[in-house]
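> Here is a sequence with its predicted model. Questions after.
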2 protein chains.
Amino acid sequence: MRERSEAITGLLPRMAQLSALLNRGQLFEHAATAAGVTLERPSMTILVILDTAERPLRVGEIATRMQVVGPHVTRHLNTLEKQGIVKRVPDPDDQRARLIALTPSGQRLVDRYTAVIDSWFTAALAKWPDRDRTEFVRLLGRMVEDLTAQLNTVIDSGTADRTH
Amino acid sequence: MRERSEAITGLLPRMAQLSALLNRGQLFEHAATAAGVTLERPSMTILVILDTAERPLRVGEIATRMQVVGPHVTRHLNTLEKQGIVKRVPDPDDQRARLIALTPSGQRLVDRYTAVIDSWFTAALAKWPDRDRTEFVRLLGRMVEDLTAQLNTVIDSGTADRTH
DNA sequence: TATTGTTATACTCTATAACTATA
DNA sequence: TATAGTTATAGAGTATAACAATA
């Protein structure tokens, strides 16, 4: 039987659990119901990203923040625009690009949704000491950073000798 | 513009990033390549779960740990069994159930894979103080627990008045 | 009658390829 | 020639429904 390194014991399962909770779990589904929203998950993600940015974003910017490819975003934008939740406006700086903006009704929709999520997170963290909350955000941020950096190192060294 | 509660500022985006890294990112893809594995992601997840359990598991137990439904597990098991990576053995305690066990070659495969993942995580966390590592695992575990509990509370109260 | 697992089917999420328009 | 976005298509991931066997 292999020995698991001390460094990561218990880490992977917990990260997997958290990931499942956010990606497939009922969190989204129930929050959407509570907020009276009937969108697909990635569409809602787009709206939250636009809300967080507090300004219109290009399609490419949204794709980068979602860590997905462009066509995936386009597909959902088509639906969202048809429903009057976002609108595409020309980017004055570049005629090829469009800026995606929340419409007033889109803004109200995402406000309802994030209010529900906020309240649930606030309730879940109610008993956490302030210090733990701060620590967790700090360590989580660093974990993402270090893991991403490590992965890039591996990818670079793995492709260094390839010519394509 | 809505106000975001102080409690969760910065939390959601980081969790989303981590989730994307584990779910869709190149982490799995590159680790599988490095380990010489050509399985689909959920199949590899099944193997890691069996390895972590250190004993054969029922289909239902695997599904629960993956937070997916039974048929999803069955589909991957069919492929894995055909490839001689796992085997289904009768559960002596219940003739309806089967126990899923890693074959010797399956064990070697998952050993190669987890060795790669372990080394990457160890490298990523190399500069972390021991205290931070411990704290992170603790807080991450509590986050998953509290979030799950909160969600269950919401679901229970939401369905309490429904009769189906 | 309830539970374990399987088969069949369908939906959701995401990527790749080919294209148009502008830079 | 390169970049922003779109359309069309395909594949991976997961769920629901219907069923068989056993409890």
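Right, received. Where do you want to start?
> From here on, just use CA atoms for contacts and neighbour counts.
Noted.
> Could you count how many residues lie near the residue of chain A found nearest chain B?
Using Cα to the nearest Cα, the single residue of chain A nearest to chain B is A:S19, 4.6 Å away. Using other Cα atoms under 10 Å in any protein chain shown, A:S19 has 22 neighbouring residues.
> Now for the residue nearest to it when sequence neighbours are not counted, which secondary structure element holds it?
In this structure, A:S19 finds its nearest non-sequential neighbour in B:S19, 4.6 Å apart by Cα to Cα, 6 or more residues apart in numbering or on different chains. For B:S19, the host element (DSSP states H and E) is helix B:11-23.
> If you count contacts, what does the longest strand belonging to chain A end up packed against?
Secondary structure assigned by DSSP state E gives strand A:94-102 as the longest strand of chain A. The criterion is 3 or more Cα pairs under 8 Å, 6 or more residues apart in numbering or on different chains; DSSP states H and E, and the helices and strands that strand A:94-102 contacts are helix A:41-53, strand A:57-58, helix A:59-66, strand A:86-91.
> quick one: which of those is nearest B:D146?
Among the helices and strands packed on strand A:94-102, helix A:41-53 comes nearest to B:D146, with 22.5 Å by Cα to Cα.
> do that closest one and DNA strand C meet?
Yes: legend: contact between helix A:41-53 and DNA strand C by Cα under 7 Å from any atom of the strand is shown at A:R41, A:P42.
> Rounded mean pLDDT for that helix, please.
Here helix A:41-53 scores 97 as its mean pLDDT.
> CA atoms of that helix as CSV?
Provided in CSV are the C-alpha atoms of helix A:41-53 (Å, rounded to 0.1, in the frame of the first residue of the first chain):
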residue,chain,number,x,y,z
ARG,A,41,-26.2,27.2,-14.1
PRO,A,42,-23.6,28.7,-16.4
SER,A,43,-26.0,31.5,-17.4
MET,A,44,-26.4,32.4,-13.8
THR,A,45,-22.6,32.3,-13.4
ILE,A,46,-22.3,34.8,-16.3
LEU,A,47,-24.7,37.1,-14.5
VAL,A,48,-22.9,36.9,-11.2
ILE,A,49,-19.6,37.7,-13.0
LEU,A,50,-21.1,40.8,-14.6
ASP,A,51,-22.6,41.9,-11.3
THR,A,52,-19.2,41.4,-9.5
ALA,A,53,-17.4,43.3,-12.2
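> What lies in contact with it?
By Cα atoms under 8 Å, 6 or more residues apart in numbering or on different chains, the residues outside helix A:41-53 that reach it are A:28, A:56-57, A:62, A:65-66, A:73, A:76-77, A:80, A:101-102, A:106-107, A:110, A:114.
> now those: which count as buried?
A:28, A:56-57, A:62, A:66, A:73, A:76-77, A:80, A:101-102, A:106-107, A:110, A:114 (16 or more other Cα atoms under 10 Å in any protein chain shown).
> and DNA strand D, which of those residues contact it?
A:V73, A:L77.
> which residues does the most centrally placed residue in chain A contact?
Residue closest to the average C-alpha location in chain A (Cα atoms, centre = their mean): A:M66, at 5.3 Å. Contacts for A:M66 (Cα under 8 Å, 6+ apart) come out as A:T45, A:I46.
> Low-confidence ranges, chain A, go.
A:1-2, A:6-7, A:159-164 (pLDDT under 70).
> Which positions in it make contact with DNA strand D?
A:24, A:58-61, A:70-75, A:77-78, A:96-99.
> got the end-to-end distance for stretch A:3-16?
Distance across stretch A:3-16, first residue to last, is 20 Å (Cα to Cα, to the nearest Å).
> Say whether chain B is contacted by it.
Yes: if you take Cα under 8 Å from any Cα of the partner chain as the test, stretch A:3-16 does meet chain B, through A:R4, A:S5, A:A7, A:I8, A:G10, A:L11, A:R14, A:M15, A:A16.
> Counting residues, name the longest helix you see in chain A.
Secondary structure of chain A per DSSP state H: the longest helix is helix A:130-159.
> any idea of the angle that helix forms with helix B:11-23?
30 degrees (axes from the mean of the first three to the mean of the last three Cα atoms, to 10 degrees).
> Give me the buried positions along helix A:130-159.
A:133, A:135-137, A:139-148, A:150-151, A:154.
> Please apply the same query to stretch A:84-103.
Applying 16+ other Cα under 10 Å to stretch A:84-103 flags A:I85, A:V86, A:K87, A:R88, A:A97, A:R98, A:L99, A:I100, A:A101, A:L102 as buried.
> give me phi/psi at the first one?
When read as degrees, to the nearest 10, the backbone of A:I85 gives phi -90, psi -30.
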